[in-house]
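Asker: mind looking at a prediction? Sequence and model below.
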Amino acid sequence: MMAGFFNFLLQRREAGILAMIVLVAVVVGTIEPRFIAMDTLRIVALAVPLILTVAMGQMMVLIARHVDLSVGSIMAMSSIVAGMMFRDLPDLPIMAGVVAAVGVGAVLGLFNGLLVVAFRLPSIIVTLGTLSLYRGLVFWVSDARQVDPQFIPRPLTLMSQTSPFFDIPWIVMIAGLIAVLTHLFLNHARMGRHIYALGSNPAAAPLRGIRVVPVTLGVFVISGALAGLAGIFYASRFGYVNPGITGVGFEFTVIAAVVVGGVSINGGVGTVLGTVLGVVLLGMVSVALPILGVSGFWQEVLNGAVIVAALLVDRIVRERGVRAATDARSAA
């Protein structure tokens, strides 16, 4: 019976992730009951929007068989640009700052995509370089100065503190809406289907009428734009923007959440539901470890272990799928 249940979890990644979420909640809640208190659950909820928003873009990049390591730096650049605008132009409407942040993110994402398609370079190498390049630009643009809390518009910070209903903060609801729109885009839009096709078989994609260059540029632009929006969420959530810490290491958290959520690093496989569950799981773990008194060093170790475990599970699932397809053909 247990073997059958384990096989079910391997066949349905979402079910396995959901089981892990329940397990973490039960175990940590038993050890430290305040973990399941409403205040703690609210902290978990507020840890989700930034990761989830960027994860939606990273998921598309991975499905297309690429990777974007620069999202943390893009988020920092977009956040600092918007923060400086709010500081230097006190009467600036919030939406102008949002548009600027998303626009900056889209342009930086486009630059990533152009380097990948124009020079046929591996995206992991390109974005590893632009990770440092964009981080340097953050310090140059900001003159290494923090945008202090008094310059962040009060209505923007209230987005992380107020709610229209059920005490769910605005940024959580917006991130959820982005996830819904991403699901509709990937499953019902022509480009969404082309992203899956490109990642499944890049060599055959052009033969099926898929325009590889526009699709590749598209996923990087979307990834950058969503990282830019996350920059606005960052300013809302923390109430300041510091060029030295904003987005540092954030790309690894996002990639961990996406991979844990069942998106294959080999492309062509992944769902929004799985990614959302992966983000929630990592959000719970990130809040649970400090509550349990786990040191920052061991938190990093556990994050790395989660990524490795997710890759191993992904390999097992893919091999089982290949064997099942081979057995089906043999039976036919």
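Answerer: Yep, it's here.

Asker: might you report the residue contacts of the residue nearest to Gly268 when sequence neighbours are not counted?
Answerer: Take Gly268 and drop its neighbours on the chain: the residue closest to it by C-beta to C-beta, 6 or more residues apart in numbering is Ser200, 3.3 Å away. The C-beta positions use only the backbone N, C-alpha and C, and glycine is treated the same way. Contacts for Ser200 (C-beta atoms under 8 Å, 6 or more residues apart in numbering) come out as 267-269.

Asker: of all those, which comes closest to Leu302?
Answerer: Val269 (25.1 Å; C-beta to C-beta).

Asker: part of a helix, is that closest one?
Answerer: No: with DSSP: H, G, I helix; E, B strand; the rest coil as the criterion, Val269 is assigned coil and is not in a helix.

Asker: ok, now which ones touch Trp298?
Answerer: So Trp298 contacts Leu289 (C-beta under 8 Å, 6+ apart).

Asker: just the element for it, please.
Answerer: helix 296-331 (DSSP states H and E).

Asker: next SSE downstream of whatever helix or strand Val104 lives in?
Answerer: In the assignment (DSSP H and E), Val104 maps to helix 94-119. The element immediately downstream of helix 94-119 (helix or strand, assigned by DSSP H and E) is helix 123-142.

Asker: and that next one, average pLDDT?
Answerer: Taken as a whole, helix 123-142 carries a mean pLDDT of 97.

Asker: which strands and helices lie in contact with it?
Answerer: helix 71-88, helix 94-119 (3 or more C-beta pairs under 8 Å, 6 or more residues apart in numbering; DSSP states H and E).

Asker: one more time with 10 Å
Answerer: helix 38-63, helix 71-88, helix 94-119, helix 212-238, helix 250-260 (3 or more C-beta pairs under 10 Å, 6 or more residues apart in numbering; DSSP states H and E).

Asker: average pLDDT for the helix holding Trp298, rounded please.
Answerer: Helix 296-331 shows a mean pLDDT of 69.

Asker: where in the chain is the helix or strand with the lowest mean pLDDT?
Answerer: Counting by mean pLDDT, DSSP states H and E, the chain has its least confident helix or strand at helix 2-11, which shows a mean of 50.

Asker: buried residues of whatever helix or strand comes next after that one, list them for me.
Answerer: Next helix or strand after helix 2-11 toward the C-terminus (DSSP H and E): helix 13-31. Residues 13-14, 16-18, 20-21, 24-25, 28 are the ones in helix 13-31 that count as buried (16 or more other C-beta atoms under 10 Å).

Asker: of these, closest to Gly296?
Answerer: Closest to Gly296, out of all of the buried residues of helix 13-31 and judged by C-beta to C-beta, is Val28, at 17.7 Å.

Asker: is the closest one in contact with Ser286, as I believe?
Answerer: No: if you go by C-beta atoms under 10 Å, Val28 and Ser286 don't touch, sitting 11.8 Å apart.

Asker: where in the stretch 151-300 of the chain is pLDDT low?
Answerer: For the stretch 151-300 of the chain, no stretch has pLDDT under 70.

Asker: at 90 what do you get?
Answerer: 161-168, 207-208, 249, 252-253, 256, 259-260, 262, 264-266, 281-300 (pLDDT under 90).

Asker: please apply the same query to the stretch 1-150 of the chain.
Answerer: Ranges of the stretch 1-150 of the chain meeting pLDDT under 90: 1-25, 27-29, 32-47.

Asker: ok, 80 please
Answerer: Low-confidence segments of the stretch 1-150 of the chain, defined by pLDDT under 80: 1-13, 16, 36-42.

Asker: hmm, Arg87 and Gln150 touching each other?
Answerer: Yes: using C-beta under 10 Å, Gln150 is in contact with Arg87, at 8.8 Å.

Asker: those two: who's more crowded?
Answerer: Neighbour count, other C-beta atoms under 10 Å: between Gln150 and Arg87, Arg87 has more, with 16 against 9.

Asker: thinking again about what came up before, farthest-separated two in the buried residues of helix 13-31?
Answerer: Arg13 and Val28 (22.2 Å).

Asker: now Ser79: closest residue in space, sequence neighbours ignored.
Answerer: Nearest residue to Ser79, sequence neighbours excluded (C-beta to C-beta, 6+ apart): Gly231, at 3.3 Å.

Asker: give me the number of residues near that neighbour?
Answerer: Gly231 has 33 neighbours, counted by other C-beta under 10 Å.

Asker: same check on Ala100?
Answerer: Neighbours of Ala100 using other C-beta under 10 Å come to 20.

Asker: OK, contacts around it?
Answerer: 78, 81-82, 84-86, 92, 228, 231-232 (C-beta atoms under 10 Å, 6 or more residues apart in numbering).

Asker: of those, buried ones?
Answerer: The buried subset of those (16+ other C-beta under 10 Å) comprises 78, 81-82, 84-86, 228, 231-232.

Asker: closest one to Leu62 out of the residues you listed, please.
Answerer: When the buried ones among the contacts of Ala100 are compared against Leu62 (criterion: C-beta to C-beta), the nearest one is Gly228, at 19.0 Å.

Asker: how about that closest one, what does it touch?
Answerer: 53-54, 57, 71, 74-75, 77-79, 81-82, 98-109.

Asker: could you do Ala37 as well?
Answerer: 29, 43.
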